[in-house]
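Provided below are the primary sequence and the corresponding predicted coordinates.
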Amino acid sequence: MQNRAERIRQALEGAFPPAEVQVTDDSHRHEGHAGARPEGETHYSVLVVSPGFAGMNRVARSRAAHAVLEAGFGTGLHALSLRLLTPEEAGRG
Amino acid sequence: MTNPAFERIESDIKSNPVVLYMKGTPVFPQCGFSARVVQILSHIGVPFKGVNVLEDMEIREGIKAYANWPTIPQLYVNGEFVGGCDIIMEMFQAGELQSMLKDKGIPVSAEA
């Protein structure tokens, strides 16, 4: 079975094409904290660079990403750090 | 069907200019993301009310539905949802948090 990082990456790539997506599993840095699980896969940092974010404010971008990843919350995904940029903002325009 | 938490949330965010829904208290945050936002608000010298969601299950679930935002912390200014930890960090680093607070008539003591 694919790990959650890979599922997150694929979901975001599919939702905001053409997107550059980086997913980092930070779960090991939260061992023993609230929300952590022995099996990990709870804390992630995500960077998405997509022209689709143009014209959306920060809250709107995050809500769109949350909507895509909604299935993950409630099944152990505890924390998601999001950086959602247009290519211009990422310095790649 | 109304959520019983919404009335309490609205009363809090309307009677306090800056409210942070967080895990733990401003003095003793119990989550790294909440701690980071407390640190930023303290750094720029903004008085705020902290609401500890760990002490109140109704608010803990209610606030997520209220803002349509799945995580804690959540910052509200003049009754409006501003964002969670990532957004507050980004706004702070860009200087936008300070200017937004000033625009809304909230005293900010530090520029940086």
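Sure, I can see it. Bear in mind that the values here come from a model prediction, so they are computed numbers and not experimental data.

Going by C-alpha atoms from here, please, whenever you check contacts or count neighbours.
Noted.

is the most centrally placed residue in chain A in a bridge, and if so with what?
In chain A, the residue lying closest to the centroid (Cα atoms, centre = their mean) is residue A:46, at 3.9 Å. Note on residue A:46: beta-bridge partners by DSSP bridges are residue A:23, residue A:82.

Might one say that residue A:20 is in contact with residue A:50?
Yes: if you go by Cα atoms under 8 Å, residue A:20 and residue A:50 touch, sitting 6.6 Å apart.

So between those two, which is more surrounded?
Per other Cα atoms under 10 Å in any protein chain shown, whichever of residue A:20 and residue A:50 has more neighbours is residue A:50, with 23 against 16.

check which helix or strand covers the residue nearest to residue B:3 when sequence neighbours are not counted.
Leaving out its chain neighbours, the residue that sits closest to residue B:3 by Cα to Cα, 6 or more residues apart in numbering or on different chains is residue B:62, at 7.0 Å. Here residue B:62 sits within helix B:57-67, counting by DSSP states H and E.

and that helix, what does it pack onto?
helix B:4-15 (3 or more Cα pairs under 8 Å, 6 or more residues apart in numbering or on different chains; DSSP states H and E).

How far off centre is the helix it packs on?
Computed by Cα atoms, centre = their mean, to the nearest Å, the chain-centroid distance of helix B:4-15 equals 13 Å.

Would you agree residue A:48 falls within a strand?
Yes: assessed with DSSP: H, G, I helix; E, B strand; the rest coil, residue A:48 lies in a strand.

Any idea how many residues pack against it?
Applying other Cα under 10 Å, we find 23 residues neighbouring residue A:48.

list the contacts for it?
Listed by Cα atoms under 8 Å, 6 or more residues apart in numbering or on different chains, the contact partners of residue A:48 are A:12, A:19, A:20, A:21, A:22, A:82, A:83, A:84, A:85.

wouldn't the last one be in contact with residue A:53 here?
Yes: at 6.6 Å, residue A:85 and residue A:53 qualify as touching, with contact defined as Cα under 8 Å.

picking that back up, which of the contacts of residue A:48 lies closest to chain B?
Set against chain B, the nearest of the contacts of residue A:48 by Cα to the nearest Cα is residue A:82 (6.5 Å).

Tell me the spacing between that closest one and residue A:29.
Note on residue A:82: its distance to residue A:29, by Cα to Cα, to the nearest Å, is 17 Å.

Neighbour count: these two, which is higher?
More neighbours surround residue A:82 than the other of residue A:82 and residue A:29, with 19 against 11 (other Cα under 10 Å).

In contact with that one: list those residues for me.
A:45, A:46, A:47, A:48, A:62, B:86.

And residue B:23, by the same measure?
Applying Cα under 8 Å, 6+ apart, the residues contacting residue B:23 are B:29, B:30, B:31, B:34, B:51, B:52, B:53, B:54, B:72, B:73.

Now narrow these to whatever sits close to chain A.
Counting by Cα under 8 Å from any Cα of the partner chain, residue B:31 from those sit close to chain A.
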